[in-house]
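J.: how does the following fold in three dimensions:
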Amino acid sequence: MKLYIKYMVSLRCKLLVKSELNKLGFHNALIDLGVVELHESINQQDRASLKAVLLKSGLELLDDKRSILVERIKNVIVELIHYSDELPKVNYSDHISEKLNYDYTYLANTFSEVKGMTIQHFIILHKIERVKELILYDELSLSEIAFKLHYSSSAHLSNQFKKVTGLTPTFFKQLKRKRNQNLENL
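T.: Model (predicted):
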């Protein structure tokens with residue numbers, strides 16, 4: 001039996017879900033981002049208990065098929081951009097379609113109807129969040145970040161970064177340095 005959980009996008013979330021399932025007596029669950037696969041079925045009382053506990057932690061047990069599909073799309077994107085060292089060799093639409101075994105047009109239409117934004121816009125927002133992380137780590141140059149995230153050039157990355165954040169990557173990096181200097185002067 002599969003359960004789908006909204007906002008489950010980190011390892012910490014997975015640990016929380018695992019802990020709560022163990023408390024309910026489900027010890028052999030396979031847990032991935034946004035998805036839990038139980039070897040046995042869950043009764044309504046345990047499902048309600050799990051749903052209540054997850055809500056307190058900011059997670060949501062999903063029931064609606066369209067919401068479940070949208071969460072699955074989001075989890076594929078988040079996993080790909082934030083947790084994978086290698087971006088796909090094929091384009092995002094083919095990768096998502098292949099991972100979920102659905103026609104991309106159907107996925108894109110469902111996502112847009114439920115989320116009010118396109119899958120492409122969601123991907124861009126997450127790529128920019130990843131760029132911010134990599135800038136803050138200060139281990140890679142902007143060109144290396146652009147290459148790592150499959151931008152055609154660092155100029156393309158900079159333009160997209162500014163469009164989303166209102167800041168250039170260089171200014172964003174300077175803000176981090178100023179904040180750190182201010183903290184050191186306290």
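J.: quick one, strands of the chain?
T.: For the chain, the strands defined by DSSP state E cover 2-6, 30-32, 35-37, 60-61.
J.: so where do the helices sit in the protein?
T.: 11-23, 44-56, 65-82, 92-100, 104-115, 119-137, 142-148, 154-165, 169-184 (DSSP state H).
J.: Pro169 is nearest to which of the strands of the chain?
T.: strand 2-6 (31.0 Å; Cβ to Cβ). For glycine as for every other residue, the C-beta is placed from the backbone atoms N, C-alpha and C.
J.: how distant is that closest one from the center of its chain?
T.: Relative to its parent chain, strand 2-6 has a centroid offset of 14 Å by Cα atoms, centre = their mean, to the nearest Å.
J.: tell me the strands beside that strand, with direction?
T.: According to DSSP bridges, strand 2-6 forms sheet pairs with strand 35-37 (antiparallel), strand 60-61 (antiparallel).
J.: for the residue minimising distance to the centre of the chain, which non-adjacent residue is closest in space?
T.: For the chain, Val78 is the residue whose C-alpha lies nearest the centre (Cα atoms, centre = their mean; 2.7 Å). Distance criterion Cβ to Cβ, 6 or more residues apart in numbering; nearest residue to Val78, sequence neighbours excluded, is Val9 at 5.1 Å.
J.: tabulate the strands paired with strand 2-6 (JSON lines), appending mean neighbour count and distance to Thr105.
T.: Formatted as JSON lines, these follow (neighbours: other Cβ atoms under 10 Å; distance: least, Cβ to Cβ, whole Å):
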{"stretch": "strand 35-37", "mean neighbour count": "17", "distance to Thr105": "23"}
{"stretch": "strand 60-61", "mean neighbour count": "18", "distance to Thr105": "27"}
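J.: okay, these in CSV with mean pLDDT and distance to Leu100 next?
T.: Converted to CSV, these look like this (pLDDT from 0 to 100; distance: least, Cβ to Cβ, whole Å):
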stretch, mean pLDDT, distance to Leu100
strand 35-37, 89, 11
strand 60-61, 90, 20
